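K.L.:
Just the structure for this:
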Amino acid sequence: MNNTQKQKEYRLNIRLSEHEWNRIQHHASTTTCRSTSDYCRKVLLNKPVRVFFRNQSFDDFEEELVRLLPILNNYGNNCDHEDFMTTAKDIKELLIKIADLCAQK
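P.N.:
Residues are numbered from 1 along each chain as shown. Modelled structure (predicted):
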């Protein structure tokens, strides 16, 4: 243990309902805190808590984009006119879907 870390000498025991415990567990799981104790300590002492944030619309965008990449790769390997028209149609449909996802708020 280095000098910046001090051994914890005191305990704070509290009783919680199952609902309260589940809420605290849920909140702690969305942070970078390594334990529920660490999370509670920071909250009680008004210290900043770093929270994970996921942008669902961006995740949806990425999911659709991942579907587009194999189509583009396939197009690069097959360059005849019929394949181009099919590929262009597939790309257009995916781009419209991606644009719709980006437009949602």
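K.L.:
what helix or strand is Arg11 on?
P.N.:
According to DSSP states H and E, Arg11 maps onto no helix or strand at all.
K.L.:
Just give me the neighbour total for it.
P.N.:
6 (other CB atoms under 10 Å). Just so you know, the C-beta spots here come from the backbone N, C-alpha and C atoms, and that holds for glycine as well.
K.L.:
What of Leu65?
P.N.:
13.
K.L.:
Residue ranges in this protein under the pLDDT threshold?
P.N.:
1-5, 54-55, 75-81, 83, 103-105 (pLDDT under 70).
K.L.:
all helices of the protein, in order?
P.N.:
Per DSSP state H, the chain carries helices over the ranges 18-29, 36-44, 56-77, 81-103.
K.L.:
got the angle for the shortest one vs helix 18-29?
P.N.:
With axes from the mean of the first three to the mean of the last three CA atoms, to 10 degrees defining the directions, helix 36-44 sits at 90 degrees from helix 18-29.
K.L.:
And helix 36-44, what's buried?
P.N.:
Buried residues in helix 36-44, counting neighbours by 16 or more other CB atoms under 10 Å, are found at 39-40, 42.
K.L.:
can you list those in CSV and add distance to Asp59?
P.N.:
CSV is the format used below for those (distance: CB to CB, whole Å):
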residue, distance to Asp59
Tyr39, 25
Cys40, 29
Lys42, 27
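K.L.:
out of those residues, which one sits closest to Leu16?
P.N.:
Cys40 (10.5 Å; CB to CB).
K.L.:
wait, that closest one sits on Trp21?
P.N.:
No - using CB atoms under 8 Å, Cys40 is not in contact with Trp21, being 11.1 Å away.
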